[in-house]
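> coords below, sequence missing:
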């Protein structure tokens with residue numbers, strides 16, 4: 001269940017590392033915010049974990065949380081989510097998983113042109129993460145404890161959601 005999956009995720013402050021888009025290793029101490037974002041850059045689900053938690057460990061819980069809130073057709077995921085279990089779970093929800101599978105055995109699975117166009121929308125989650133960091137205090141959180149950090153970041157997500165909804169009305 002969603003509650004069991006969320007309970008299994010560590011929420012203590014620790015060290016995390018991730019390669020950025022230039023291939024440089026970034027290391028930080030704290031937490032990691034995992035987001036599920038729909039078209040229009042509107043966040044619909046967020047989970048805060050320890051910084052060391054890999055994205056793939058949160059994928060099923062995020063999908064469960066999102067499925068309770070919206071009806072969607074696609075699950076767009078980068079190569080960090082390339083696992084048969086995640087693919088199977090997504091299909092079980094009635095979604096079409098579009099995953100950027102990494103090269104295995106010298107062969108990288110090709111996407112159809114339509115699938116590749118849809119996959120390009122995956123950058124919405126990156127834009128929302130960037131907006132929270134750059135404009136709503138997500139880069140330097142000055143509180144301690146997972147509950148306080150999550151509250152701080154949720155205020156930023158509420159602001160992002162409000163701005164994006166207003167843009168849809170224009």
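Now that the structure is in, tell me what you want to look at. Being a predicted model, the structure only gives us computed values, none of them experimental.

> Flag every buried residue along the longest strand anywhere in the chain.
With secondary structure taken from DSSP state E, the chain has its longest strand at strand 25-38. The neighbour-count criterion (16 or more other CB atoms under 10 Å) identifies 30, 31, 32, 33, 34, 35, 36, 37, 38 as the buried residues of strand 25-38. Backbone N, C-alpha and C define where each C-beta goes, glycine included.

> Same check on stretch 111-131?
Using 16+ other CB under 10 Å, the residues of stretch 111-131 that count as buried are 118, 119, 122, 124, 125, 128, 129, 131.

> Turn the buried residues of strand 25-38 into CSV, columns for distance to residue 63 and pLDDT.
As requested, the buried residues of strand 25-38 are arranged in CSV below (distance: CB to CB, whole Å; pLDDT from 0 to 100):
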residue, distance to residue 63, pLDDT
30, 25, 92
31, 21, 94
32, 17, 93
33, 16, 93
34, 11, 93
35, 12, 92
36, 7, 90
37, 13, 90
38, 13, 88
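
> Which single one of these is nearest to residue 65?
Compare each of those with residue 65 using CB to CB and the shortest gap goes to residue 36, at 7.1 Å.

> quick one on the thing from earlier: quick one: strands adjacent to the longest strand of the chain?
Taking DSSP bridges as the criterion, strand 25-38 forms sheet pairs with strand 14-19 (antiparallel), strand 42-50 (antiparallel).

> For it, which outside residues touch it?
With contacts defined as CB atoms under 8 Å, 6 or more residues apart in numbering, strand 25-38 is touched by 11, 13-20, 43-51, 53, 55, 58, 62-63, 65-66, 70, 72, 124-125, 128-129, 132, 138, 141, 146, 149-150, 153, 157.
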